[in-house]
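# I'll drop the sequence and a predicted model, then ask my questions.
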Amino acid sequence: MAIVLGENQYGKAENRLVRIDRDGERHRITDLNVSVSLSGDLADTHLTGDNGKVLATDTQKNTVFAFARDGIGEIEAFGLRLARHFVDSQPSIHRAAVRIESYPWARLEVAGKPAHHSFARSGEGTRTALITYDGERAEVTGGLTDLTVLNSTDSEFWGFPRDEYTTLAEVTDRILATAVSATWRFATAEGADWGKAYETARACLLDAFGGTYSYSLQQTLYAMGTRVLENVPELAEISLSLPNKHHFLSDLSAFGLDNPGEVFFAADRPYGLIEGTVRRDDS
Ligand SMILES: O=c1[nH]c(=O)c2[nH]c(=O)[nH]c2[nH]1
């Protein structure tokens with residue numbers, strides 16, 4: 001029985017990169033977590049320790065910071081620049097994946113005016129991108145994660161099968177809460193307005209979550225995905241991962257109290273995990 005090397009990749013993960021753009025006294029902040037993962041003709045280093053084809057992960061890290069010197073721009077564009085550079089400049093590297101998270105900062109108000117250079121980290125979700133390039137084809141995926149949303153009504157869940165293990169009560173009014181993770185794949189890696197696509201997709205996700213009278217989180221997921229595809233023509237598909245952040249009505253009867261839908265226990269685990277992809281029929 002022969003033993004062989006299987007799939008492998010390597011890279012510098014989680015390069016924490018902050019860039020300040022200065023427009024006179026007014027600063028803008030870009031706060032990224034950039035992970036590079038490369039694969040290709042890398043058998044030698046695994047089999048014999050010959051590193052002649054290994055672009056050091058330290059070099060990868062340096063490249064991320066050096067490329068930021070010229071400006072970062074949209075994270076999808078920055079990831080494309082990096083992915084193309086690693087594959088096109090290194091014969092042994094045949095495929096690059098660059099994953100980027102962009103942490104949001106909100107400008108502070110100081111003395112009643114928008115501050116020039118003061119910010120607070122905001123909890124409004126993290127923008128993400130994943131770029132892959134194999135020397136011929138680039139694929140760009142944008143997205144967001146950790147966008148926590150809640151509807152305090154307009155959610156029901158009933159009509160599900162009851163077997164010998166079912167205890168869940170049917171409800172016609174419940175809290176529906178989730179932390180949205182979404183990834184959307186662009187039909188082409190060229191010419192899309194990455195920033196506008198992000199802003200539109202994010203607004204559509206929030207609008208569809210809030211505006212859908214829900215009979216299941218699955219139904220809400222499909223409504224959210226559909227809304228994004230209807231409004232961002234550059235996208236081929238969108239995948240959503242929605243943890244169902246359960247809010248259980250607290251039983252206060254031991255204290256002689258009723259609970260007319262006001263006091264909830266917010267459980268953090270386990271949680272239902274509802275995931276799905278919505279795509280155009282022709283893609
Ligand atoms: O929206 C829901 N979908 C489910 O599949 C499910 N399962 C469950 O226990 N509660 C819920 N809620």
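Done, it's in. For clarity, every value in this text was computed on a predicted model and none was experimentally measured.

# what's the spacing between stretch 79-90 and its chain's center?
22 Å (Cα atoms, centre = their mean, to the nearest Å).

# what does that stretch rub up against?
Residues outside stretch 79-90 that contact it (Cβ atoms under 8 Å, 6 or more residues apart in numbering) are 34, 36, 38, 40, 55, 60, 63-64, 67, 93-100, 129-135, 138, 140, 189. Yep, even glycine has a C-beta here, placed from its N, CA and C like the rest.

# 6 Å instead, please
Residues from elsewhere that reach stretch 79-90, judged by Cβ atoms under 6 Å, 6 or more residues apart in numbering: 38, 55, 67, 93, 96, 98, 100, 129, 131, 133, 135, 138.

# what does the stretch 151-283 of the chain have sitting close to the ligand?
Within the stretch 151-283 of the chain, the residues that sit near the ligand (Cβ under 6 Å from any ligand atom) are 157, 168, 216, 217, 218, 244, 272.

# if you set the cut-off to 5 Å instead, what comes out?
157, 216, 217, 272 (Cβ under 5 Å from any ligand atom).

# which one among those residues gets closest to residue 258?
residue 157 (22.1 Å; Cβ to Cβ).

# Can you show me the helices along the stretch 151-283 of the chain?
For the stretch 151-283 of the chain, the helices defined by DSSP state H, counting those that start in this stretch occupy 194-211, 217-231.

# tell me the mean pLDDT for the first one?
Read it as helix 194-211. Mean per-residue pLDDT for helix 194-211: 98.

# Check which residues of it are buried.
For helix 194-211, a neighbour-count test (16 or more other Cβ atoms under 10 Å) marks 194, 197, 198, 200, 201, 202, 204, 205, 206, 208, 209 as buried.

# re earlier: now, the residues of the stretch 151-283 of the chain next to the ligand that are in strands?
residue 272 (DSSP state E).

# nearest to residue 264, of the residues of the stretch 151-283 of the chain next to the ligand?
residue 157 (15.0 Å).

# any idea how far the nearest residue to that closest one once chain neighbours are set aside is from residue 159?
Closest residue to residue 157 apart from its sequence neighbours, by Cβ to Cβ, 6 or more residues apart in numbering: residue 171 at 5.6 Å. Separation of residue 171 from residue 159 (Cβ to Cβ, to the nearest Å): 11 Å.

# between the two, who's got more neighbours?
Taking other Cβ atoms under 10 Å, residue 171 and residue 159 do not tie; residue 171 has more neighbours (13 against 8).

# Can you read off the pLDDT for that one?
97.

# what about residue 70, neighbour count?
Using other Cβ under 10 Å, residue 70 has 9 neighbouring residues.

# if I look at residue 92, how far off is residue 58?
Relative to residue 58, residue 92 is positioned 17 Å away (Cβ to Cβ).

# So those two - more neighbours on which side?
Higher neighbour count among residue 92 and residue 58: residue 92, with 17 against 9, using other Cβ under 10 Å.

# so that one sits right up against residue 54, yeah?
No - the criterion here is Cβ atoms under 6 Å, and residue 92 misses it with residue 54 at 7.7 Å.

# This protein - how does it break down into domains?
Domain ranges of the chain: 10-136, 143-283, per automatic domain parsing.
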